[in-house]
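# Model the following, please.
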Amino acid sequence: MSKFSFSKLRNRETAWCWAGIGPLLFLGLVNLPKAKVPRQVPPDRLQVSPLANKGLPPSALLAAWRTSDPLGRSCSKCHAPDGLDLADFDFNKQDILRRALRHLSPTEAEKAVDLVEWRRQGLPVRFQNTIGEPLMQPGGKILPGNSPIQKDDEFVKRLSQQIPQLFHEVVSLQQANDLLKALRQSNPMHLRVGIKMSRLSEDGFFGSQHALVNEWLPENSLPNDPAFSTLQDAYLAHPNWKTLQTMLEAVVKMKGMKSEADALSREKFLALTIFQHALRMKEGLIPSKPMPISLFEALGQNPFWEVGNTCRLSQFLQLRSYGLAPDVLAEKERGPSFKKQMKAMELAWLWLGFCFDPSLEHSGPRKDVPRAKYLVDALLDGDKYPSHMLYLLAKKTAAQFEEAKEHPSTALGTGFQFEFDPLIYSDKIQEIAPSAEPAKSLFIQGVRALFEASLYWQIEAIQQSGKVVYPAEELSQIRIMASFLAKTGSPRLKLVQQVRQAVSQ
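Next up is the predicted model:
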């Protein structure tokens, strides 16, 4: 039996070959040599049809889906438990079969294809992923522009229309609360950004430019665990957040993952499984409902954020020492720079993790996560996105303030903190700003408004809780914030003094 590579499915018509097709969810299976102009998915097709075939698939088909190759790789350990991630996209049988034959006998491979077709029954509305349609792209499409800075300029222009309160002076508590409300209502998943998300699948069969690790599908399969099939059956019989959580908790606890590629593959599988659940619940390509924060808390992590963080830690490794199976390595070595892929994934997936947990208070036990330092660094390193950083800090700060107020008896209620250190400790805010107008002026005004509102929020938080977490650090940040306000307009001396006194008491 030939080995199955989880990374080759990317063609728009390729149907994610069931089993080990690289854990890259969003099937980018597009036959490039014959590819037509990618069509855009109309807004009225962004909803998944109700499933006609519910529950467990026919046993013979499901058995093939779960059959492992000599390296232990199977469709069920890289894809949805019933192939829904493939069925909801218009991938052709030939590509699915081609991928399956790398791991299964001809008979079993045909059954794996039949399972995807079985799941497709009753899905008259199917999506067609193309090479130009990354998975879970916020707002549905990447912003226009020929460079990152042009996209960033476009982002801040649109943001000034969507959240105008962020681009006006905040001179009262009422105005600070108006901005708070506007930020609360802002959904990061609905804002178009200049950051390109990963595609579901990349298939080196269509050229070296597609021999990528930068995809949703995992390169390595989950370890063998006979009990996992039972959890998948329970989920398929009653798909809900509870059965999903039980299944994902088992993945987090699995032993036998040793390499960096194993670690990244597990996080990809977790993220892919959450995505396919959103499809199953008819949420469409961009989930409209908030992700249950309790899921991240139960897992002890935010899988989307962890994909980005794992890529951050892996970008200085060599592909040959990454821990890929020989057949997968042979394909991926033909692709672009591994380091560049890791950097691109770091930014895209950290941003996606922020979208699902704007406060970043529920994305893992590490203290560095809520500060968003790694995402800020990624936004300002190389391809610069200063205005995206402004929105990140504004949305995160507002979310953290509200959570500190709403949970006074929990760890979140230890007090509201300024966490602008990734920005203000450089003391070069104006150098970070976009160079072209009106983006530059909008950025400066946005930072001003965020600082002003945050000072009001800090006073209110201290009055409510009587707590200040790190007074010395807060005073240091207040000093730099005050300096910036003085350099860019009104110094807001009275407000600054009120906050200093409240923090110092």
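# Please count neighbours and contacts with C-alpha atoms only from this point.
Will do.
# Tell me which helix or strand in the chain has the weakest average pLDDT.
Within the chain, no helix or strand scores below helix 421-424, which has a mean of 66 by mean pLDDT, DSSP states H and E.
# Which of the residues in the next helix or strand after that one are classified as buried?
In the C-terminal direction, the helix or strand that comes right after helix 421-424 (DSSP states H and E) is helix 429-432. Under the neighbour-count criterion of 16 or more other CA atoms under 10 Å, helix 429-432 has 430, 432 buried.
# swap in stretch 69-76?
Buried positions in stretch 69-76, judged by neighbour count with 16+ other CA under 10 Å: 69, 72, 73, 74, 75, 76.
# for stretch 438-452, same thing?
Neighbour counts using 16+ other CA under 10 Å place 439-440, 442-452 of stretch 438-452 among the buried residues.
# likewise stretch 157-171?
157, 159, 160, 163, 165, 166, 167, 168, 169, 170.
# Looking at the residues you listed, which one is closest to residue 96?
Each of the buried residues of stretch 157-171 was scored against residue 96 by CA to CA, and residue 159 proved nearest at 41.3 Å.
# Surely residue 154 and residue 144 touch.
Yes. The pair formed by residue 154 and residue 144 meets the contact definition of CA atoms under 8 Å, at 7.5 Å.
# So if I had to pick from these two, which one is more boxed in?
Neighbour comparison, residue 154 and residue 144: the larger count goes to residue 154, with 20 against 15 (by other CA atoms under 10 Å).
# Tell me how far residue 334 lies from residue 211.
With the distance defined as CA to CA, to the nearest Å, residue 334 ends up 6 Å from residue 211.
# Which of those two has more residues huddled nearby?
Neighbours were counted for residue 334 and for residue 211 using other CA under 10 Å; residue 211 has more, 27 against 15.
# for that one, what are its contacts?
When the contact criterion is CA atoms under 8 Å, 6 or more residues apart in numbering, the partners of residue 211 are 7, 8, 202, 203, 204, 205, 331, 332, 333, 334, 335, 336.
# thinking again about what came up before, generate JSON lines for the buried residues of stretch 69-76, with distance to residue 385 as supplementary columns.
Listed next are these as JSON lines, based on distance: CA to CA, whole Å:
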{"residue": "69", "distance to residue 385": "44"}
{"residue": "72", "distance to residue 385": "42"}
{"residue": "73", "distance to residue 385": "39"}
{"residue": "74", "distance to residue 385": "39"}
{"residue": "75", "distance to residue 385": "38"}
{"residue": "76", "distance to residue 385": "38"}
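# Farthest-apart pair in those residues, please.
Comparing the members of those, the greatest separation, given CA to CA, is between 69 and 76, at 11.9 Å.
# give me the number of residues near residue 384?
22.
# Report the contact partners of it.
Residue 384 makes contact with 148, 149, 152, according to CA under 8 Å, 6+ apart.
# Mind doing that once more with 7 Å?
For residue 384, the contacting residues are 148, 149, by CA atoms under 7 Å, 6 or more residues apart in numbering.
# per the record, what domains does this structure have?
For the chain, the structural domains run 32-132+198-332, 148-189+382-504, going by automatic domain parsing.
# can you list those in a markdown table and add distance to residue 139?
As requested, those are exported to a markdown table (distance: least, CA to CA, whole Å):
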| stretch | distance to residue 139 |
| --- | --- |
| domain 32-132+198-332 | 8 |
| domain 148-189+382-504 | 6 |
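# highest average neighbour count across the ones you listed?
Of all these, domain 32-132+198-332 has the most neighbours on average by mean count of other CA atoms under 10 Å, namely a mean of 20.
# Give me the mean pLDDT for the helix ranked longest in the chain.
Looking only at the chain and at elements set by DSSP state H, the helix with the highest residue count is helix 439-465. Mean pLDDT, computed over helix 439-465, is 94.
# so what secondary structure elements neighbour that helix?
With contacts defined as 3 or more CA pairs under 7 Å, 6 or more residues apart in numbering; DSSP states H and E, helix 439-465 has these neighbours: helix 148-162, helix 173-185, helix 386-406, helix 493-504.
# remind me which residues of the stretch 101-250 of the chain are low pLDDT?
In the predicted model of the stretch 101-250 of the chain, residues 122, 124-132 satisfy pLDDT under 70.
# dump the residue contacts of residue 141.
Contact partners of residue 141, counting by CA under 7 Å, 6+ apart, are residue 192.
# Then residue 375?
The contact partners of residue 375, taken as CA under 7 Å, 6+ apart, are 347, 350.
# Let's see the strand or helix carrying it as CSV, backbone CA atoms only.
Here residue 375 is covered by helix 373-380, with elements defined by DSSP H and E. Taking C-alpha atoms only, helix 373-380 is exported to CSV below (Å, rounded to 0.1, in the frame of the first residue of the first chain):
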residue,chain,number,x,y,z
LYS,A,373,2.8,40.3,22.2
TYR,A,374,3.5,37.6,19.6
LEU,A,375,0.7,38.7,17.4
VAL,A,376,1.7,42.4,17.7
ASP,A,377,5.3,41.3,16.8
ALA,A,378,4.0,39.4,13.8
LEU,A,379,1.9,42.4,12.7
LEU,A,380,5.0,44.7,12.8
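# distance of the closest residue to residue 338 other than its chain neighbours from residue 264?
Counting by CA to CA, 6 or more residues apart in numbering, the nearest residue to residue 338 once its immediate chain neighbours are dropped is residue 319, at 6.5 Å. Distance check for residue 319 against residue 264: by CA to CA, it reads 13 Å.
# gap between residue 216 and residue 93?
Remark: distance between residue 216 and residue 93 (CA to CA) = 21 Å.
# Please enumerate the helices of the stretch 1-150 of the chain.
Using DSSP state H, counting those that start in this stretch, the helices found in the stretch 1-150 of the chain span residues 59-65, 84-87, 93-100, 106-120, 148-162.
# Residue 324: which of those helices is closest?
Go through those one by one with CA to CA and the one that ends up closest to residue 324 is helix 93-100, at 17.3 Å.
# which helices and strands sit right next to that closest one?
Under the contact criterion of 3+ CA pairs under 7 Å, 6+ apart, the helices and strands touching helix 93-100 comprise helix 106-120.
# residues in contact with the helix it packs on?
18, 53, 61-62, 64-65, 83-84, 86-88, 93, 96-97, 100-101.
# what pLDDT does the spatially most central residue of the chain get?
Central residue check for the chain by CA atoms, centre = their mean: the C-alpha nearest the mean position is that of residue 352, 2.5 Å away. You'll see residue 352 listed with a pLDDT of 97.
# before we move on, what about residue 283?
71.
# Could you report the distance from it to residue 138?
Distance from residue 283 to residue 138, counting by CA to CA: 14 Å.
# same deal with residue 196?
Counting by CA to CA - residue 196 and residue 138 are separated by 9 Å.
# Would you mind getting the angle between the helix or strand where residue 354 lies and helix 386-406?
Secondary structure assignment for residue 354, by DSSP H and E: helix 338-356. Following axes from the mean of the first three to the mean of the last three CA atoms, to 10 degrees, one obtains 40 degrees for the angle between helix 338-356 and helix 386-406.
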